[in-house]
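*Asks:* below: sequence and its predicted model.
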Amino acid sequence: MSRIAIIGSCITRDLWPILGETPRNLLYVSRTSLASLFAPAPAGVTTAGEPPNGMRPQPHAALVADLRKTALAALVAHRPTHIVFDFIDERFDLLSAGGGLAAHTWELDVSGYLDQAAFADGHRIARTTPACERLWLQGAAEMTAFLGATPLREAKIVLHEAQWATRYLDATGEIREFEPVVDVLEGRMTVLRDQNAMLGRYQAAFAELAPQAARIRAPDDLRLADTGHRWGLSPFHYVTDYYRDIWGQLREAGI
């Protein structure tokens, strides 16, 4: 039986619930970055045992894993047969603080942890800057080296080459165009075209570093966002046919 790990976002994790399946033997690593996974943990951060401020358990657990840098050990312990990467969560800025790095996610904002002294000297590294890209490329190189140097070398690597949708299905069934500039996180705006260009560079770089990876991608006509999506309208919350197509490709990859 497959033991699956996802290092990515809800676009891959949501395949199961959207298509009425129940995930088994699944490890889900999200709300992080390849740059953050291999960076030191910000020193002096205290995390709560229970989710603070009304957060749900899974997003809080993902945040804690990013702050404490526990995801890689969990990945090795899981002993996956398949590891699926998608880079949609690589939309958040990085936060340099306490001698370490963390992904500056919505969860980090609402957790209250940013009020701690460890973040007093922190500074943001904007996602679309050359500095952030250099850190990400370093993390990608470290990830592929890590895969080869651990029991993870036995796992089949799958790269889900997702892109943000430029169009969406509205509540009446009409196809509309997204605005060229979209809100990533409560006022942090990004140019949709720039984000897709960055994702293309990330995917190409990762594929070069991991040539053994199976590359899957939905046809362009299925890259359509859905106003009726379970998580609401977003350029990376797609119509059901998108998930069906990716699901079929994952099945062909042995999952």
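*Replies:* In hand now; what should we look at?
*Asks:* from here on, contacts and neighbour counts on C-alpha atoms
*Replies:* Fine.
*Asks:* ok, and what's touching stretch 190-207?
*Replies:* For stretch 190-207, the external contacting residues (CA atoms under 8 Å, 6 or more residues apart in numbering) are 87-88, 91, 128, 137, 140-141, 159, 161-164, 166, 180-184, 213, 215.
*Asks:* okay, and which of the residues you listed map to helices?
*Replies:* L137, A140, A141 (DSSP state H).
*Asks:* what subset of these is buried?
*Replies:* Neighbour counting with 16 or more other CA atoms under 10 Å marks L137, A140, A141 as buried within those.
*Asks:* export those residues to CSV and tack on distance to R188 and pLDDT?
*Replies:* CSV is the format used below for these (distance: CA to CA, whole Å; pLDDT from 0 to 100):
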residue, distance to R188, pLDDT
L137, 23, 98
A140, 25, 98
A141, 28, 98
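*Asks:* how about the helices in this protein?
*Replies:* Residue ranges of the helices in the chain, as given by DSSP H, are 10-13, 15-18, 34-37, 57-68, 71-78, 106-111, 130-149, 192-209, 240-252.
*Asks:* what about dumping the CA coordinates of the last one to PDB?
*Replies:* Just to be clear, that refers to helix 240-252. Presented in PDB, the C-alpha positions along helix 240-252 are these (Å, rounded to 0.1, in the frame of the first residue of the first chain):
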ATOM      1  CA  THR A 240     -13.500  19.800  -9.800                       C
ATOM      2  CA  ASP A 241     -12.300  18.600 -13.200                       C
ATOM      3  CA  TYR A 242      -8.800  19.900 -12.400                       C
ATOM      4  CA  TYR A 243      -8.600  17.600  -9.400                       C
ATOM      5  CA  ARG A 244      -9.900  14.700 -11.400                       C
ATOM      6  CA  ASP A 245      -7.200  15.100 -14.000                       C
ATOM      7  CA  ILE A 246      -4.400  15.400 -11.500                       C
ATOM      8  CA  TRP A 247      -5.900  12.400  -9.600                       C
ATOM      9  CA  GLY A 248      -5.700  10.300 -12.700                       C
ATOM     10  CA  GLN A 249      -2.100  11.300 -13.300                       C
ATOM     11  CA  LEU A 250      -1.200  10.400  -9.700                       C
ATOM     12  CA  ARG A 251      -2.800   7.000 -10.200                       C
ATOM     13  CA  GLU A 252      -0.600   6.500 -13.300                       C
END
